[in-house]
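Engineer: Any chance you could fold what I've pasted below:
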Amino acid sequence: MNTAPNKINPKKLLLSKWTAVHPIAKQKHFLVSKVILPETPEEKIEFVEIEAVYSKKMRQIAWRDLLNKEEWLQGWK
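Structural biologist: Numbers count the residues shown, from 1 in each chain. As a prediction, this is how the structure comes out:
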């Protein structure tokens with residue numbers, strides 16, 4: 001996993017665009033459609049919901065997974 005300093009603020013992920021390095025169910029372009037807020041404000045954001053651009057299928061992932069450059073690229077490539 002990427003050990004570089006965290007350069008992504010989870011609060012600014014909403015509507016960000018991502019490309020899966022290895023297509024997921026034949027989909028490679030995704031949009032962060034929802035930042036899942038923790039139950040209490042003191043807790044950190046852990047998960048986001050990503051939506052496949054073409055199929056509109058959604059899946060929940062840990063937002064930190066997006067930092068793994070072997071799995072995700074920021075923007076649509």
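
Engineer: Quick check: which element contains Glu51?
Structural biologist: strand 47-52 (DSSP states H and E).

Engineer: contacts for that strand?
Structural biologist: Under the contact criterion Cβ atoms under 8 Å, 6 or more residues apart in numbering, strand 47-52 has outside partners 10, 13, 18, 24-25, 27, 29-36, 57-63, 66. Quick note: C-beta positions are derived from backbone N, CA and C, even for glycine.

Engineer: filter those to the buried ones?
Structural biologist: The neighbour count (16 or more other Cβ atoms under 10 Å) marks Pro10, Leu13, Trp18, Gln27, His29, Phe30, Leu31, Val32, Val35, Ile61, Trp63, Leu66 as buried among these.

Engineer: List the beta-bridge partners for the third one.
Structural biologist: Using DSSP bridges, the bridge partners assigned to Trp18 are Phe30, Gln74.

Engineer: Would you confirm that it contacts Lys77?
Structural biologist: No: shown here, Trp18 and Lys77 do not form a contact pair, counting by Cβ atoms under 8 Å, at 9.4 Å.

Engineer: what is the mean pLDDT for the strand holding Glu51?
Structural biologist: Here strand 47-52 scores 97 as its mean pLDDT.

Engineer: ditto for stretch 10-22
Structural biologist: 93.

Engineer: May I see the buried residues of that stretch?
Structural biologist: Pro10, Leu13, Ser16, Trp18, Ala20.
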